[in-house]
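Engineer: Fold the following and give me the result.
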Amino acid sequence: MRRQECFATIIVGKNVIFREGFARTLRSANFRILASVSRADDLLPRKIQLQQPLFLIVHSGGNFDGALEQIESF
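Structural biologist: Next up is the predicted model:
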(Lines give C-alpha, C1' and ligand atoms only; values in the text may rest on other atoms or scores of the structure.)
Protein backbone atom coordinates (compact mmCIF):
# COMPACT_ATOMS: atom_id res chain seq x y z
CA MET A 1 0.00 0.00 0.00
CA ARG A 2 1.35 3.42 -0.95
CA ARG A 3 1.75 5.95 1.84
CA GLN A 4 -0.14 9.18 1.23
CA GLU A 5 1.95 12.34 1.66
CA CYS A 6 0.79 15.24 3.76
CA PHE A 7 1.68 18.77 2.64
CA ALA A 8 2.38 21.36 5.34
CA THR A 9 0.73 24.61 4.28
CA ILE A 10 0.38 28.21 5.41
CA ILE A 11 -2.52 30.28 4.09
CA VAL A 12 -2.17 34.06 3.77
CA GLY A 13 -5.08 36.28 2.79
CA LYS A 14 -7.10 39.23 4.04
CA ASN A 15 -10.51 37.55 3.93
CA VAL A 16 -10.92 35.15 6.88
CA ILE A 17 -13.96 33.47 5.33
CA PHE A 18 -12.02 32.75 2.14
CA ARG A 19 -9.06 31.45 4.14
CA GLU A 20 -11.20 29.10 6.21
CA GLY A 21 -13.02 27.77 3.15
CA PHE A 22 -9.73 27.27 1.36
CA ALA A 23 -8.27 25.52 4.42
CA ARG A 24 -11.23 23.13 4.53
CA THR A 25 -10.74 22.26 0.86
CA LEU A 26 -7.01 21.72 1.32
CA ARG A 27 -7.49 19.54 4.41
CA SER A 28 -9.77 17.24 2.42
CA ALA A 29 -6.92 16.87 -0.10
CA ASN A 30 -4.42 15.85 2.64
CA PHE A 31 -2.86 19.25 3.27
CA ARG A 32 -1.89 20.06 6.87
CA ILE A 33 -2.64 23.70 7.67
CA LEU A 34 0.09 25.08 9.94
CA ALA A 35 -1.26 28.64 10.04
CA SER A 36 -3.90 30.90 8.52
CA VAL A 37 -3.00 34.59 8.74
CA SER A 38 -4.08 37.85 7.15
CA ARG A 39 -0.55 39.10 6.42
CA ALA A 40 2.82 37.40 5.95
CA ASP A 41 4.20 39.62 8.73
CA ASP A 42 1.86 37.84 11.17
CA LEU A 43 4.05 34.73 10.80
CA LEU A 44 7.21 36.38 12.16
CA PRO A 45 6.47 35.79 15.87
CA ARG A 46 5.65 32.14 15.16
CA LYS A 47 8.50 29.70 14.77
CA ILE A 48 7.11 27.57 11.98
CA GLN A 49 9.79 25.44 10.39
CA LEU A 50 9.27 23.49 7.21
CA GLN A 51 11.77 21.09 5.77
CA GLN A 52 10.47 21.60 2.25
CA PRO A 53 8.21 24.66 2.24
CA LEU A 54 5.44 24.90 -0.32
CA PHE A 55 4.20 28.38 -1.10
CA LEU A 56 0.87 28.50 -2.87
CA ILE A 57 -0.23 32.00 -3.76
CA VAL A 58 -3.86 32.52 -4.69
CA HIS A 59 -4.80 36.01 -5.81
CA SER A 60 -8.37 36.73 -6.81
CA GLY A 61 -8.43 40.52 -6.97
CA GLY A 62 -7.77 42.95 -9.75
CA ASN A 63 -5.01 44.84 -7.93
CA PHE A 64 -1.84 42.77 -7.64
CA ASP A 65 0.01 45.29 -5.42
CA GLY A 66 -1.29 43.79 -2.15
CA ALA A 67 -0.33 40.26 -3.21
CA LEU A 68 3.11 41.47 -4.32
CA GLU A 69 3.62 43.10 -0.91
CA GLN A 70 2.86 39.78 0.83
CA ILE A 71 5.21 37.89 -1.49
CA GLU A 72 7.99 40.36 -0.70
CA SER A 73 7.37 39.84 3.03
CA PHE A 74 8.08 36.13 2.67
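Engineer: pLDDT on the longest helix seen in the chain, on average?
Structural biologist: Ordering each helix of the chain by length in residues (DSSP state H) puts helix 16-28 first. Mean pLDDT, computed over helix 16-28, is 91.
Engineer: Determine the set of other helices and strands touching the next helix or strand after that helix.
Structural biologist: Using DSSP states H and E, the helix or strand that follows helix 16-28 in sequence is strand 31-37. Helices and strands touching strand 31-37, by 3 or more CB pairs under 8 Å, 6 or more residues apart in numbering; DSSP states H and E, are strand 7-12, helix 16-28. Where you see a C-beta, it was placed from the backbone N, CA and C, and this is true even at glycine.
Engineer: can you tell which of those is closest to Phe64?
Structural biologist: strand 7-12 (14.5 Å; CB to CB).
Engineer: between that closest one and strand 31-37, how big is the angle?
Structural biologist: Going by axes from the mean of the first three to the mean of the last three CA atoms, to 10 degrees, strand 7-12 is angled at 20 degrees with respect to strand 31-37.
Engineer: List the contacts of stretch 19-27.
Structural biologist: Contacts with stretch 19-27, where a contact means CB atoms under 8 Å, 6 or more residues apart in numbering, come from 9, 11, 13, 33, 36, 38, 58.
Engineer: re earlier: can I get the helices and strands packed on strand 31-37 in TSV with mean neighbour count?
Structural biologist: Output for the helices and strands packed on strand 31-37, formatted as TSV (neighbours: other CB atoms under 10 Å):
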stretch	mean neighbour count
strand 7-12	18
helix 16-28	13
